[in-house]
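1. turn this into a model:
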Amino acid sequence: MELSRLSMNQITADNYSLREVAEACESEGIKWIGPWRHKVAETGLKESVKIIQQAGLKVSGLCRGGMFPAASKAERMANIDDNRRAIDEAAELGTDVLVLVCGSSPNRDIDAARGMVEEGIETLIPYAEQANVKLAIEPLHPMFAADRSVIVTLGQANDMVERLVSSQVGVVIDVYHVWWDPRLYDEIKRAAGHIYGFHVNDWSVPIENTLTSRGMMGDGVIELTRIRHAVESAGYNGPVEVEILNSDLWKMPYKEILKRTKQTFLEHV
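-> Okay, here's the model as predicted:
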């Protein structure tokens, strides 16, 4: 895998600042970064833009928007407003991709929550179009349905994209969330033309914590190269984000994290 396509998703070194990660990317020859909103907020939006530009980096995507479902209309509208702010932040940072983690059900009605997700994205389309920012739905593994996303398969995300009929809406494919799906390769083909991001990591065995036990590439069971080839065959040739939430990894010095990320990306993706 070419180093030129590696993007360092900032959550992979979550204990460190945007400046530290950006400067380490520059020293390692990494050309892309994927910031998270909480890190941008810590640093300040204008200062974040300055840091990224000074390091000579491009932004592959901003994480995250979404979290649409809520118990009341007022709460849902507040979530829409927050997504508008996220769109503005993405545009200011110089990326045309906002990653959507869609949100969980506020009650036991999961179908209604999925309807809230679709309605929320539809409401945002005109604003995203004006800002030239794409809304990229990231389906999460089903184990996150209760607390993070009611969109749990690439097929569900593709269905939503097709119903919304807008070039502003597409998908992000994260191998951690989709590798298990028996329909994965059919759904990757179906996503052709609306894949707006590709995230890599690995599924280590056993998973000790659903959120913070992702493995470094090559440490688990995911067929990374096969999935990458399928995504490329579907027309996606953009940056590939390494997104690893791992509490043990976060304890390492950030320069070591970036060196290991670079090595395993080149060897296993």
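
2. CA only for contacts and neighbour counts going forward, please
-> OK.

3. ok, which stretches of this structure are helices?
-> 18-28, 37-43, 45-54, 73-93, 110-131, 154-164, 175-178, 184-190, 224-233, 254-268 (DSSP state H).

4. what's the closest non-adjacent residue to Met67?
-> The shortest distance from Met67 to any non-neighbouring residue, by CA to CA, 6 or more residues apart in numbering, is to Gly103 (3.8 Å).

5. how many residues are close by the one you found?
-> 25 (other CA atoms under 10 Å).

6. isn't it up against Pro69?
-> Yes: shown here, Gly103 and Pro69 form a contact pair, counting by CA atoms under 8 Å, at 6.0 Å.

7. centroid-nearest residue for this structure?
-> Val99 (4.9 Å; CA atoms, centre = their mean).

8. that residue and Ala191, how far apart?
-> 16 Å (CA to CA, to the nearest Å).

9. dump the residue contacts of the closest residue in space to Ile195 that isn't next to it in sequence.
-> Distances taken as CA to CA, 6+ apart place Val171 nearest to Ile195, at 5.1 Å, with adjacent residues excluded. For Val171, the contacting residues are 135-139, 157-158, 161, 191, 194-197, by CA atoms under 8 Å, 6 or more residues apart in numbering.

10. Trp250 too?
-> Contacts of Trp250 by CA under 8 Å, 6+ apart are Thr12, Ala13, Asp14, Asn15, Ile257.

11. Serialize these to CSV and add fields for distance to Thr210.
-> Formatted as CSV, the contacts of Trp250 follow (distance: CA to CA, whole Å):
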residue, distance to Thr210
Thr12, 15
Ala13, 18
Asp14, 17
Asn15, 19
Ile257, 21
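
12. which neighbours do Gly103 and Pro69 have in common?
-> Val117.

13. low pLDDT regions in this protein?
-> Counting by pLDDT under 70, the chain has no low-confidence residues at all.
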